[in-house]
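Peer 1: sequence unknown, structure follows:
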């Protein structure tokens with residue numbers, strides 16, 4: 001017992017002596033630090049979890065409150081509501097070009113879903129309606145300017161030559177007393193270029209009706225008719241009797257149905273279209289100036305939306321195209337072009353002549369020659385001969401004239417047939433201009449037809 005007590009006293013004495021010397025318990029502080037860090041981490045994790053939970057609940061609550069506070073007249077968006085398919089317009093011609101014809105060509109295609117109307121207008125004038133089948137509309141025709149439009153709201157613009165003419169239900173209706181009825185518009189068309197349009201409806205099985213053009217008197221005029229009884233489209237001349245020049249059978253032609261007919265006359269050739277489709281054609285040659293009008297034979301015929309078109313004047317013009325579908329979606333396109341009957345083009349500005357589009361791309365002078373880069377495109381749907389005859393001429397600013405020269409192993413423009421809608425590029429070479437001279441004008445003869453291009457950009 002005394003021995004154990006002695007040992008205990010020795011240990012206490014030793015511990016007291018160690019403390020007095022500044023001794024510390026091993027590893028004690030390290031355990032305290034680790035425990036403290038662990039507690040801090042647990043606290044931080046708990047705090048973070050609490051904040052996120054509160055934020056999510058608050059966001060959800062805010063969204064719920066926002067949804068509940070929406071006005072009743074605001075509808076939810078439907079899938080693909082922003083993807084509206086408007087009609088697509090592709091215009092190949094006219095473009096920003098110079099045309100040497102007063103009736104430049106239209107080459108237009110419109111596509112869409114449930115197409116409603118396609119309208120063309122020149123210089124803000126009356127609109128031309130392009131027929132469509134609900135999905136597509138194609139127009140390839142000369143462009144005219146509308147000079148007369150009559151929806152038959154009154155009868156003041158017309159001269160009744162014979163027959164009984166009345167306005168009934170917004171339509172001009174003819175009832176022949178015997179064989180025929182003639183009514184003339186109060187104007188005259190040019191002798192060489194014009195177009196006439198109208199909606200017709202032959203109201204009897206054996207009735208016939210259509211358009212009159214180049215009217216001189218009641219015994220001398222030209223006509224384009226729908227013969228419902230024989231189901232034929234005809235073009236002809238009346239000179240005391242009807243003389244059909246062209247007769248085309250059509251088993252689908254019927255009475256009591258609307259047809260949009262158009263008579264196009266260009267340089268002696270009369271062409272009849274029905275709902276945009278060519279039906280008949282005849283070359284009369286030169287006609288005299290005369291009045292346009294309406295003709296009904298054997299029975300009653302109704303007419304509506306009569307229009308007359310004349311060639312465009314020289315100068316700048318604006319073409320506007322508007323396409324709509326049944327849902328009200330609309331697309332539009334506007335182009336500007338020029339009519340210059342003298343055909344004077346400029347550098348890098350295309351010129352159209354008899355179905356060919358010419359562009360002088362560049363003019364380059366070297367130590368040995370002057371070269372003109374020329375681009376030519378066939379705008380028609382048929383192959384055509386392309387020849388630069390007689391030879392091109394280059395005029396300098398001094399008035400000196402330079403003739404075309406040939407260069408061996410060069411990339412001269414090839415003069416052969418040009419395929420439908422194809423284009424070709426190549427050079428035309430001339431002798432080198434004298435020192436101090438600059439190219440002023442290029443004169444081309446395409447199959448004998450003259451074209452001029454001003455090469456000075458300031459002119």
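Peer 2: That came in fine, so what should we check first? Being a predicted model, the structure only gives us computed values, none of them experimental.
Peer 1: Centre of the chain to stretch 368-377, how far?
Peer 2: 31 Å (CA atoms, centre = their mean, to the nearest Å).
Peer 1: phi, psi of residue 397?
Peer 2: phi -70, psi -20 (degrees, to the nearest 10).
Peer 1: swap in residue 415?
Peer 2: According to degrees, to the nearest 10, residue 415 has phi -110, psi 80.
Peer 1: what's around it, how many residues?
Peer 2: 15 (other CB atoms under 10 Å). Every residue, glycine included, has its C-beta placed from N, CA and C.
Peer 1: One more: residue 180?
Peer 2: Using other CB under 10 Å, residue 180 has 20 neighbouring residues.
Peer 1: now it: how far from residue 217?
Peer 2: Going from residue 180 to residue 217 by CB to CB, to the nearest Å gives 14 Å.
Peer 1: Next, work out how far apart the nearest residue to residue 186 once chain neighbours are set aside and residue 293 are.
Peer 2: Distance criterion CB to CB, 6 or more residues apart in numbering; nearest residue to residue 186, sequence neighbours excluded, is residue 157 at 5.0 Å. The gap separating residue 157 from residue 293 is 11 Å, by CB to CB.
Peer 1: next one: residue 91
Peer 2: Using CB to CB, residue 91 is found at 33 Å from residue 293.
Peer 1: Tell me which of the two has more neighbours.
Peer 2: Neighbours were counted for residue 91 and for residue 293 using other CB under 10 Å; residue 293 has more, 22 against 17.
Peer 1: returning to what we had before: any residues in contact with both of residue 157 and residue 293?
Peer 2: residue 185 (CB atoms under 8 Å, 6 or more residues apart in numbering).
Peer 1: Next one: residue 75, what pLDDT does it get?
Peer 2: What the model reports for residue 75 is a pLDDT of 39.
Peer 1: about what we covered before: spit out the contact partners of the residue nearest to residue 186.
Peer 2: 148, 150, 185, 186.
Peer 1: Am I right that the last one is in contact with residue 158?
Peer 2: Put plainly, it is residue 186. Yes - if you go by CB atoms under 8 Å, residue 186 and residue 158 touch, sitting 6.9 Å apart.
Peer 1: Give me the more crowded residue out of these two.
Peer 2: Legend: neighbour count by other CB under 10 Å for residue 186 and residue 158, higher for residue 158 (19 against 12).
Peer 1: Check the contact between that one and residue 174; I expect there is one.
Peer 2: No - the criterion here is CB under 8 Å, and residue 158 misses it with residue 174 at 10.8 Å.
Peer 1: So in the chain, where's the weakest helix or strand by average pLDDT?
Peer 2: helix 28-68 (a mean of 49; mean pLDDT, DSSP states H and E).
Peer 1: after that one, next one along is what?
Peer 2: Using DSSP states H and E, the next helix or strand after helix 28-68 towards the C-terminus is strand 88-93.
Peer 1: For the next helix or strand after that following strand, which outside residues touch it?
Peer 2: Helices and strands here follow DSSP H and E; after strand 88-93, the next one along the chain is strand 98-99. Outside of strand 98-99, the residues within contact range by CB under 8 Å, 6+ apart are 337, 338, 339, 340, 343, 344, 345, 346, 349, 350, 351, 352.
Peer 1: separation between the first one and residue 91?
Peer 2: With distances taken as CB to CB, residue 337 is found 11 Å from residue 91.
Peer 1: If you drop the residues flanking it in sequence, what lies closest to residue 122?
Peer 2: Distances taken as CB to CB, 6+ apart put residue 145 closest to residue 122, at 5.1 Å, once the chain neighbours are dropped.
Peer 1: And for that neighbour, the neighbour number?
Peer 2: Neighbour count of residue 145, defined by other CB under 10 Å: 19.
Peer 1: who touches it in this structure?
Peer 2: Neighbouring residues of residue 145 by CB under 8 Å, 6+ apart: 122, 123, 125, 309, 310, 311, 312, 313.
Peer 1: one more time with 10 Å, if that's ok
Peer 2: 102-103, 121-123, 125-126, 128, 195, 309-313, 317 (CB atoms under 10 Å, 6 or more residues apart in numbering).
Peer 1: State the mean pLDDT of the host helix or strand of residue 260.
Peer 2: For residue 260, the element it lies in under DSSP H and E is strand 259-266. For strand 259-266, the mean pLDDT works out to 94.
Peer 1: now it, how far from the chain's geometric center?
Peer 2: The answer for strand 259-266 is 22 Å, by CA atoms, centre = their mean.
Peer 1: Report all helices and strands that that strand contacts.
Peer 2: Here strand 259-266 touches strand 136-142, strand 193-202, strand 208-217, strand 220-227, strand 232-238, strand 269-274, strand 277-283, strand 301-310, going by 3 or more CB pairs under 10 Å, 6 or more residues apart in numbering; DSSP states H and E.
Peer 1: Residue 404: which of these is closest?
Peer 2: strand 136-142 (33.2 Å; CB to CB).
Peer 1: Name whatever forms a beta bridge with residue 306.
Peer 2: residue 150 (DSSP bridges).
Peer 1: and if you look at the one 4 residues further on?
Peer 2: Taking DSSP bridges, one finds residue 145 as the beta-bridge partners of residue 310.
Peer 1: in its sheet, what does the strand or helix carrying residue 320 sit against?
Peer 2: Using DSSP H and E, residue 320 falls within strand 315-325. Paired neighbours of strand 315-325 in the sheet (DSSP bridges): strand 115-122 (antiparallel), strand 330-339 (antiparallel).
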